[in-house]
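Novice: got a sequence here, can you model it:
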Amino acid sequence: MTLKELKEFLDEKVILYNNPKFIESDPIQIPHQFSKKEDIEIAAFLTATISWGNRKMIIKNAFKMMELLGNSPYDFVLNHQEKDLDRLHSFVHRTFNYIDFQQFIKSLQHIYKNHNGLENVLLIKDKSTNYQTAINQFKSVFFEIDHQQRTQKHVSDPLKNSAAKRINMFLRWMVREDKAGVDFGIWKTHKPANLSCPLDVHSGNVARKLKLLLRKQNDWKALSELDKNLRKLDKYDPVKYDFALFGLGVFEKF
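Specialist: The predicted structure follows:
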């Protein structure tokens with residue numbers, strides 16, 4: 001396929017999958033339960049954090065997370081006392097357990113009370129055109145309070161060559177301006193042009209079949225290669241193609 005043909009093919013798939021029907025089977029439905037900015041971003045961040053494995057199980061456990069937070073995630077994060085964290089003891093999603101969940105709540109409180117919230121902490125503050133250093137800085141802030149070592153593995157570090165799939169997905173939800181009503185676009189200080197595709201098995205395999213990606217591993221180096229090629233197709237909104245790559249992989253078994 002020529003670049004023009006590839007763009008036409010993928011643009012059609014974006015239209016097919018980037019619509020409200022997509023929400024019904026996707027973890028993004030969890031933050032869509034909320035209307036307050038801070039509720040949306042905390043629900044989205046926690047949901048994205050456990051987004052690996054079986055999608056039905058991710059959605060079920062993310063709803064359970066919200067229930068345990070009294071369906072008011074921001075209020076719980078900001079105003080919880082130590083004893084309130086006991087109610088999280090029943091939570092587990094694969095290797096993410098109640099110890100990690102409690103730590104995430106404490107770290108989020110630290111971020112909202114001392115660092116002006118998630119939108120500010122994940123902002124690109126250097127001349128970068130992607131979130132590699134911003135995510136690394138975010139991880140430092142997230143764990144600058146007392147924490148158990150085990151929880152660190154649940155926040156990826158792109159400077160260690162991680163593709164940071166879950167944080168990139170969360171960033172897409174928050175930053176991307178979406179006329180179709182799937183992504184929220186509530187972080188106005190960020191630019192959609194700087195986003196990277198949440199690279200997973202499905203999107204990676206499809207990208208390789210379409211020659212958008214040659215590297216075999218799904219790591220940050222692969223993500224940089226994919227970024228470069230997707231930005232040739234749309235430099236202002238490159239991650240809209242996540243819908244196309246994911247849809248082709250999951251729904252069409254491309």
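
Novice: residues touching residue 70, list them.
Specialist: Residue 70 sits next to residue 76 when contact means C-beta atoms under 8 Å, 6 or more residues apart in numbering. All C-beta atoms are positioned from the backbone trio N, CA, C, and that covers glycine.

Novice: wasn't it part of a helix?
Specialist: No - under DSSP: H, G, I helix; E, B strand; the rest coil, residue 70 falls outside any helix and is assigned coil.

Novice: from residue 182, how far off is it?
Specialist: 26 Å (C-beta to C-beta, to the nearest Å).

Novice: same deal with residue 224?
Specialist: Counting by C-beta to C-beta - residue 224 and residue 182 are separated by 25 Å.

Novice: more neighbours, those two?
Specialist: Comparing residue 224 with residue 182 by neighbour count (other C-beta atoms under 10 Å), the higher total belongs to residue 182, at 22 against 15.

Novice: wait, what's in contact with that one?
Specialist: Counted by C-beta under 8 Å, 6+ apart, residue 182 has contacts 18, 19, 20, 22, 23, 28, 243.

Novice: longest helix in this structure, please.
Specialist: Longest helix in the chain by number of residues (criterion: DSSP state H): helix 98-114.

Novice: need the next SSE after that one, C-terminal direction.
Specialist: The first helix or strand that comes after helix 98-114 along the chain, using DSSP states H and E, is helix 117-121.

Novice: residues in contact with residue 206?
Specialist: Taking C-beta under 8 Å, 6+ apart, we find residue 206 in contact with 245, 246, 248, 249, 254.

Novice: where's the closest residue to the last one other than its chain neighbours, which helix or strand?
Specialist: In space, and not counting its chain neighbours, residue 254 is closest to residue 248: 3.8 Å by C-beta to C-beta, 6 or more residues apart in numbering. Using DSSP H and E, residue 248 sits within helix 241-250.

Novice: now that helix - C-alpha only, PDB.
Specialist: Output of helix 241-250 as PDB, limited to C-alpha atoms (Å, rounded to 0.1, in the frame of the first residue of the first chain):
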ATOM      1  CA  TYR A 241      -5.100   5.400  14.800                       C
ATOM      2  CA  ASP A 242      -5.100   3.400  18.000                       C
ATOM      3  CA  PHE A 243      -8.800   2.800  17.300                       C
ATOM      4  CA  ALA A 244      -8.000   1.400  13.900                       C
ATOM      5  CA  LEU A 245      -5.100  -0.800  15.000                       C
ATOM      6  CA  PHE A 246      -6.900  -2.100  18.100                       C
ATOM      7  CA  GLY A 247     -10.200  -2.600  16.200                       C
ATOM      8  CA  LEU A 248      -8.500  -4.500  13.300                       C
ATOM      9  CA  GLY A 249      -6.700  -6.700  15.800                       C
ATOM     10  CA  VAL A 250      -9.400  -7.400  18.400                       C
END
